[in-house]
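**Student:** Give me coordinates for this.
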Amino acid sequence: MKVVDLGTRIGTTLFSFLQRGGRFFPSRRDFISKIQPSECLGVDREEVCRDDLESFGASFECWDLSKAASLEELPEADFYLASKFLHHLPTAEAMDNLVRAVLSKSRQGVWFRLLSFEDDSQTGEGVLLDEDLRFGWSKKYLPYLCKDVVSLVPRDSFNLSLNPARRIRHTNDFRVLPVSADDGKEEYENVMGHKPQIKLVPPVVVEWDLFIERK
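**Tutor:** Just a heads-up that it's a prediction; the model follows:
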């Protein structure tokens, strides 16, 4: 297997990697450019995702990756992908276990796209909290910081690159909610009440890309 995409849904992250992965891992550009969909696997806990992956030519497995038995089933692959998936796992232990499994099974590299749970007052949620605002997901999902993932990566075996992936530039963004909004809501609705309208300079980072490349 060349690529395994965890929490694949309709395969958006897998398609993006096949098109742009050479920019993420320049030293592996030629290898990635030759990967075919038939050499890729999408994994999701929802069986309904199967048709999207198989119609693209990739394989599909329906596994619950919060379970240790499912992690053992994961195959070795050149690259592992997981976009905004870790946050959907039920416990920090499950997140740690998945990261460790992925690192042990990837031959060349890993791409994690992470929702920001960073609380700093430069480009993190602290900027919003000063205005009684927050990220839409910060109470809906279990926090898992970039440093939590990084701490599990053995530096003698891997090189790391952590980069802002997406930013918001104004509090009118739908991903910004009042602090008092229902914990289960992820997007702003008018019934939540008024939001301060503030331009964010510098922009606030809402998603991070962590590229992990085997030495």
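**Student:** Just want the phi and psi numbers for the nearest residue to residue 198 once chain neighbours are set aside.
**Tutor:** Distance criterion CB to CB, 6 or more residues apart in numbering; nearest residue to residue 198, sequence neighbours excluded, is residue 171 at 4.7 Å. Quick note: C-beta positions are derived from backbone N, CA and C, even for glycine. Per-residue torsions, residue 171: phi -70, psi -10 (degrees, to the nearest 10).
**Student:** What separation is there between residue 171 and residue 73?
**Tutor:** As judged by CB to CB, to the nearest Å, residue 171 and residue 73 stand 44 Å apart.
**Student:** The longest strand anywhere in the chain pairs with which strands, parallel or anti?
**Tutor:** Across the chain, the longest stretch assigned as strand under DSSP state E is strand 199-214. Sheet pairing of strand 199-214 (DSSP bridges) gives strand 106-115 (antiparallel), strand 158-170 (antiparallel).
**Student:** Who has more neighbours out of residue 171 and residue 73?
**Tutor:** Neighbours per residue (other CB atoms under 10 Å) separate residue 171 from residue 73, with residue 171 holding more: 20 against 11.
**Student:** Helices along this structure, start to end?
**Tutor:** 12-24, 29-33, 50-56, 68-73, 92-105, 125-129, 146-150 (DSSP state H).
**Student:** what's the offset of the longest one from the middle of its chain?
**Tutor:** Same thing as helix 92-105. 13 Å (CA atoms, centre = their mean, to the nearest Å).
**Student:** Could you pull out the buried residues of stretch 123-141?
**Tutor:** By 16 or more other CB atoms under 10 Å, the buried positions in stretch 123-141 come out as 123-125, 127-128, 131, 133-139, 141.
**Student:** Can you report how many residues lie near residue 176?
**Tutor:** Residue 176 has 25 neighbouring residues, counting by other CB under 10 Å.
**Student:** now residue 72
**Tutor:** Residues near residue 72, counting by other CB under 10 Å: 8.
**Student:** distance of it from residue 42?
**Tutor:** 18 Å.
**Student:** cool, and residue 64?
**Tutor:** 15 Å.
**Student:** neighbour count winner among those two?
**Tutor:** Neighbour tally, residue 64 and residue 42, criterion other CB under 10 Å: the higher count belongs to residue 42, 28 against 13.
**Student:** From what I see, that one and residue 49 are in contact.
**Tutor:** Yes. Residue 42 is within contact range of residue 49, at 6.9 Å (criterion: CB atoms under 8 Å).
**Student:** if I look at these two, which residues touch both of them?
**Tutor:** Common neighbours of residue 42 and residue 49, using CB atoms under 8 Å, 6 or more residues apart in numbering, are 8, 11, 60.
**Student:** partner residues bridging the residue nearest to the first one when sequence neighbours are not counted?
**Tutor:** Read it as residue 8. Nearest non-adjacent residue to residue 8, counting by CB to CB, 6+ apart: residue 42, 3.3 Å away. The residues listed as beta-bridge partners of residue 42 by DSSP bridges are residue 5, residue 60.
**Student:** Equivalent analysis for residue 109, please.
**Tutor:** Counting by DSSP bridges, the residues bridging with residue 109 are residue 79, residue 213.
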